[in-house]
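Student: Give me the fold of what follows.
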Amino acid sequence: MESQHTIGYGLRYMTDLCPPAYLTLCVQCVVGVFLQTVLAGIVIAKILRPKKRRQEMRFSRMAVVGPLDEHDKRPTLMIRLADIQEKLFLAESHVRLYMACSRINSRGDRELIGVKDMNVGYDSGWDRVLLLWPIIVRHVINEDSPLYGITRDNIAKADFELIMTVEGIVEATGMTFQARTSFLPDEILWGYKFKPMVLMNEKLSKYEVHYSLFDQTERVCDFDAQTIETDETEDEHHHNASGFL
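Tutor: Residues are numbered from 1 along each chain as shown. Alright, predicted model coming up:
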């Protein structure tokens, strides 16, 4: 203890008359440094865990624009999100979606105009997600949406980038993390929807997540945002305005 904590030996100290004492001191110093290194590694691992945790958040490679659901045909931007970690759960996780618009200035350089917030259910609380299974984050394209007026023909020529963020708290450490992804106009599929990937296993009588279907989409043949009209009132679908599925 005196050697490891350098508090001094006082009047009683080792001399060359006792060689085993020097050997014991060397072994004690090596073991003490090893224990200190292990302790420092544990502390660093705890600190860096949130950075590694965000690598386990998976986003779909493509975003899609399609009907909100089978009964509501309003055009909706959808992005699939999943937490592939099965043992270390997240708390207070929520999503945000932004549109960064750009343009070509008079000098021929591309400059950023501004960043607009896109509603994914903030008012109704649907932006606070439960990532026990893969979900689909949705943004209804209405008059309040930055995507309002965009069609199948001009979306590829638009100058914007969609930025999606996911924030959460790691239960093991209580530390927060943020994962981000982005989509360019050519990474948005118009008239598509994601295939279901949480399917019931009849033999086991439980739901199973098929990650092989994570990026799989299917075309919606009768979808056309320019001609769609719905008879439902906004109050009937207020709880479905935005959020996740």
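Student: the longest strand in the protein is where?
Tutor: Scanning the chain for the longest strand, with DSSP state E as the assignment, gives strand 90-104.
Student: what packs against the top helix by length along the chain?
Tutor: Taking DSSP state H as the criterion, the chain has its longest helix at helix 19-53. For helix 19-53, the packing partners by 3 or more Cβ pairs under 8 Å, 6 or more residues apart in numbering; DSSP states H and E come out as helix 2-5, strand 160-170, strand 176-183. Every C-beta, even on glycine, is put in place using the N, C-alpha and C of the backbone.
Student: Residues in a beta bridge with the spatially closest residue to Thr181 that is not a sequence neighbour, which ones?
Tutor: Computed as Cβ to Cβ, 6 or more residues apart in numbering, the closest residue to Thr181 that is not its neighbour in sequence is Phe59, at 4.2 Å. Taking DSSP bridges, one finds Leu81 as the beta-bridge partners of Phe59.
Student: Next one, pLDDT for Phe59 please.
Tutor: Phe59 carries a pLDDT value of 93.
Student: what's the burial count for it?
Tutor: Using other Cβ atoms under 10 Å, Phe59 has 20 other residues around it.
Student: and it, what does it touch?
Tutor: Contact analysis of Phe59 by Cβ atoms under 8 Å, 6 or more residues apart in numbering lists Ile79, Arg80, Leu81, Met164, Ala179, Thr181.
Student: Quickly check the residues you listed for the two that are furthest apart.
Tutor: Arg80 and Ala179 (13.8 Å; Cβ to Cβ).
Student: out of these two, which sits in the busier spot?
Tutor: The neighbour comparison of Arg80 against Ala179 (other Cβ under 10 Å) goes to Arg80, with 25 against 20.
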